[in-house]
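Participant: Build me a structure from this.
(one chain, ligands or ions: 2)
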Amino acid sequence: MKVLVTGAAGFIGSNLVHFLHRERPSWKITALDLLTYAGNLKNISTLLDEGRVSFEKADITDSESINALFERDKYDIVFHLAAESHVDRSIMSAREFVSTNVMGTQVLIDAAYKYKVAKFVHISTDEVYGSLGPTGFFTESTPLDPTSPYAASKAASDLMVLSFCKTHNFNASVTRCTNNYGFYHFPEKLIPLFITNAMEGKKLPLYGDGMNVRSWLFVEDHCDGLLRVAEKGRAGEVYNIGGTPDCELPNRDVTFMIREMLGKSKDLIQPVGDRPAHDRRYAVDTTKIKNELGWEAKTPFKQGLEKTVAWYNANRSWWEEIKSGQYRSYYEKNYSNRG
Ligand code: NAD
Ligand code: TDX
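Facilitator: Ligands and ions are numbered 1, 2, ... in the order given. Model prediction:
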């Protein structure tokens, strides 16, 4: 089986490459990534060094390179994760989000359709549904109502994929997961930022009242769901993927748990100005993937968070290098005007 993973040097993509290599050792995996600020080859370097996975540096918006690759390799399955993925960056500038997330997805599905890829898995997000009130869950038929430019670009790409299923009988499934956490997570998102800031004795900048709720999914559980969708998911269908029942928490509680696990004082928490149009709550109904594909999240939040904290403790050089580089200018820009 020939498999392409796009965004394979990013957080979820690199975890997926490790997972697929472990679970399906006979598969020939190509890891594709442009290596933007968020891509880091170190995430998959052990597999690359041992020649177990091959790497292609390519831009998914470059149709010539993408078509040449598909013509050469004739993939059976494509897992599409390459994206601009950070909401705060999309608020500063939306252009790259439309280019990569919308145009890049269109280039990939054109190539996958032309070169007869048997299965295309498009990795999307629960953010396309918008913001929930204090109760209820997003189901796969909840209308799309994205808030941020990031979420709008993901919604557009989902609809483009689903249109190919309807128009061309393209065999694609769309997955919409909740917030992931785990190893190799770029330290601009809440959990890795707060773990690493706490380790450095730096403030934990909590947006607004800290009561926005997210539903946390351990990245390995997510990878297991993606493999099931690739092998058994139905064409033209959307599958929500979410965490264990204890995973839905206000940011304030997640911050508290991180601080406690690292034995840091309450003074580290710093309330800062809110994100514009900050979605209040996300939570997904996962009945469909459970009933159809037998998938359920396995990792309780506290256990996953402990493993994640231990990983950041054991891999300081990985994140210290990121935080000392060009990422610093983004950090200063994002947090300097929040008061
Ligand atoms: P990430 O930002 O860590 O990784 C994205 C990767 O895509 C990076 O390695 C980057 O170099 C690569 N990339 C960006 N532009 C590219 C281009 N033009 N061509 C080729 N590669 C390019 O993101 P992530 O958190 O791993 O998210 C992966 C996917 O999952 C995204 O599609 C995202 O929307 C989705 N998702 C993420 C989460 C989450 O909690 N992290 C939740 C829901 C959905
Ligand atoms: O410094 C911070 N302080 C803070 O309070 C940061 C970075 C975030 N937050 C809050 C905002 C959110 O309520 O924490 C919550 C999580 O924020 P992010 O980690 O930026 O994630 P979110 O905006 O929820 O989006 C994530 O989940 C869905 C991913 O970044 C997306 O790629 C994914 O689609």
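Participant: interface residues of the stretch 101-250 of the chain facing ligand 1?
Facilitator: Within the stretch 101-250 of the chain, the positions adjacent to ligand 1 are G104, I123, T125, K154, C177, N179, N180, F186 by CB under 6 Å from any ligand atom. No exception for glycine: its C-beta is placed from N, CA and C like everyone else's.
Participant: From R228, how far off is G130?
Facilitator: When distance is defined by CB to CB, to the nearest Å, G130 is 26 Å away from R228.
Participant: hmm, back to that, can you pick out the most distant pair from the residues of the stretch 101-250 of the chain next to ligand 1?
Facilitator: Greatest spacing in those, by CB to CB: G104 and N179 (22.3 Å).
Participant: Who has more neighbours out of the two?
Facilitator: G104 (27 against 19; other CB atoms under 10 Å).
Participant: that's a strand at that one, yeah?
Facilitator: No. Counting by DSSP: H, G, I helix; E, B strand; the rest coil, G104 falls outside a strand, being helix.
Participant: For it, which non-adjacent residue is closest in space?
Facilitator: Counting by CB to CB, 6 or more residues apart in numbering, G104 lies nearest to I60, which is 3.6 Å off, once chain neighbours are set aside.
Participant: repeat for L16
Facilitator: Spatial nearest neighbour of L16, excluding adjacent residues (CB to CB, 6+ apart): C223 at 4.8 Å.
Participant: what does the average pLDDT come to for the host helix or strand of the one you found?
Facilitator: Assessed by DSSP states H and E, C223 sits inside helix 219-232. Averaging pLDDT along helix 219-232 yields 98.
Participant: isn't C223 right up against F19?
Facilitator: Yes. With contact defined as CB atoms under 8 Å, C223 and F19 form a contacting pair (3.8 Å).
Participant: Those two: which has the busier surroundings?
Facilitator: Under the criterion of other CB under 10 Å, the comparison of C223 against F19 puts C223 first, with 23 against 18.
Participant: Would you mind giving me the confidence score for the residue nearest to G104?
Facilitator: As predicted, I60 sits at a pLDDT of 98.
Participant: And for G339?
Facilitator: As predicted, G339 sits at a pLDDT of 65.
Participant: just the strands in this structure please.
Facilitator: Ranges of strands in the chain, per DSSP state E, are 2-6, 28-33, 53-57, 77-80, 119-125, 172-177, 179-181, 204-207, 213-218, 238-241, 248-250, 269-272.
Participant: strands paired with the second one, and their directions?
Facilitator: Read it as strand 28-33. Partners of strand 28-33 in the sheet, by DSSP bridges, are strand 2-6 (parallel), strand 53-57 (parallel).
Participant: could you point out the longest helix in this protein?
Facilitator: helix 149-168 (DSSP state H).
Participant: What angle do strand 119-125 and it make with each other?
Facilitator: Orientation of helix 149-168 against strand 119-125 (axes from the mean of the first three to the mean of the last three CA atoms, to 10 degrees) gives an angle of 150 degrees.
Participant: got the buried residues for helix 149-168?
Facilitator: Going by neighbour count (16 or more other CB atoms under 10 Å), the buried part of helix 149-168 is 149-158, 160-162, 164-165.
Participant: ditto for stretch 322-339
Facilitator: Here stretch 322-339 shows I322, K323, Y327, N334 as buried, counting by 16+ other CB under 10 Å.
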